[in-house]
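Participant: Let me see the structure of the following:
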Amino acid sequence: MSVLFVSGTGTEIGKTVTTAAVAAATLRRGRSVAVLKAAQTGLAVDEPGDAAEVGRLAGPVTLSELARFPEPLAPNTAARRAGMPAVRPQEIAEAAAKLAASHDLVLVEGAGGLLVRFDDEGNTLADAARMAGAPVLVVVEAGLGTLNTTALTALALRSHGLDSPGVVIGSWPAEPGLAARCNLADLPEAAGAPLLGAVPAGSGTLSPDAFRAAAPDWLAPELGGSGTFDPTRLGTQRPTAAG
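Facilitator: Numbers count the residues shown, from 1 in each chain. Predicted coordinates:
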């Protein structure tokens, strides 16, 4: 798995921090990592974006950003309003392939959910992943409503002929409620794929050293984790940012 796309079931659910956790865990295994942000929206040219945040948290990774649009909108809408060229799925696939030639793992972070439009033809991150022949890791929410959005995303993945190694909870609460605890067992069924990690809420505020030390414990070995991640413990034991 030299190229892995990272998408979410929505916005603001921990996609960037999850990408950073996978990058950090992979680096600790001595493998090289590149991070490709397909389209950054809502930031000025001189502001640090999602790729820079991954680099800050994870460590020495190669960072690449294909396009940046100033308004916080879907990539296609943001490009159109800015009078700028849209990002085409073929551009994303080609950029990922180029990075994969010199890195052990390329993480391609999308914008929002899987089917957010990137251009006027209606192409999405799913189309880019299909062109790249790459699987899609899905970042999900912990609580009420996540089973529906996870199942819909899984359905979209299947309809595009895409594989997924699993799902990661992007922000696991320090004190999970009943719905979150029950979802630990139900999410794999909704996703049709295993639960491969849970990133504690607030992990993005850790110091880089603390983040890099803890990240492998948040993830299953399939994502470079240390092998200590056990979803059955999350419902009964308070997770901490130290692992």
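Participant: and V6, that's in a strand?
Facilitator: Yes. Applying DSSP: H, G, I helix; E, B strand; the rest coil, one finds V6 inside a strand.
Participant: count of neighbours near it?
Facilitator: For V6, the neighbour count with other C-beta atoms under 10 Å is 24. Every residue, glycine included, has its C-beta placed from N, CA and C.
Participant: ok, it to V22 distance?
Facilitator: When C-beta to C-beta, to the nearest Å is applied, the distance between V6 and V22 equals 7 Å.
Participant: intersection of neighbour lists for the two?
Facilitator: The overlap between the contact sets of V6 and V22 (C-beta atoms under 8 Å, 6 or more residues apart in numbering) consists of 107, 137.
Participant: who's in contact with the helix or strand bottoming out on mean pLDDT in the chain?
Facilitator: With mean pLDDT, DSSP states H and E as the measure, the helix or strand of the chain carrying the lowest mean pLDDT is helix 231-234 (a mean of 83). Residues external to helix 231-234 that are found in contact with it (C-beta under 8 Å, 6+ apart): 172, 176, 181, 184, 195, 198.
Participant: helices or strands up against the longest strand seen in the chain?
Facilitator: Here the longest strand in the chain is taken by residue count, with DSSP state E as the criterion, and it is strand 105-113. Contact partners of strand 105-113 among helices and strands, from 3 or more C-beta pairs under 8 Å, 6 or more residues apart in numbering; DSSP states H and E: strand 3-8, helix 15-28, strand 33-37, helix 50-58, helix 89-100, helix 125-132.
Participant: surely I169 meets L137?
Facilitator: No. Because the distance of 11.9 Å does not satisfy C-beta atoms under 8 Å, I169 is recorded as not touching L137.
Participant: Tell me if I'm right that P173 and R181 touch.
Facilitator: No. Under the criterion of C-beta under 8 Å, P173 makes no contact with R181, lying 10.1 Å away.
Participant: between these two, which one's more packed in?
Facilitator: Neighbour comparison, P173 and R181: the larger count goes to P173, with 17 against 14 (by other C-beta under 10 Å).
Participant: And the more buried one, how far from P200?
Facilitator: As defined by C-beta to C-beta, P173 lies at a distance of 8 Å from P200.
Participant: Could you find the closest non-adjacent residue to L115?
Facilitator: Excluding its sequence neighbours, the residue lying closest to L115 (C-beta to C-beta, 6 or more residues apart in numbering) is T124, at 4.8 Å.
Participant: from the contacts of helix 231-234, which single one is nearest L152?
Facilitator: Out of the contacts of helix 231-234, the one with the shortest distance to L152 is L195. That distance is 17.3 Å, counting by C-beta to C-beta.
Participant: Any idea how many residues pack against that closest one?
Facilitator: Using other C-beta under 10 Å, L195 has 21 neighbouring residues.
Participant: Now do the contacts for S164.
Facilitator: Applying C-beta under 8 Å, 6+ apart, the residues near S164 are 135-138, 154, 157, 191-193.
Participant: can you check E141 too?
Facilitator: When contacts are counted by C-beta under 8 Å, 6+ apart, E141 touches 9-10, 13, 149, 169-171.
Participant: Over to P221?
Facilitator: Under the criterion of C-beta under 8 Å, 6+ apart, the neighbours of P221 are G227.
Participant: one more time with 10 Å
Facilitator: For P221, the contacting residues are 25, 29, 196, 227-229, by C-beta atoms under 10 Å, 6 or more residues apart in numbering.
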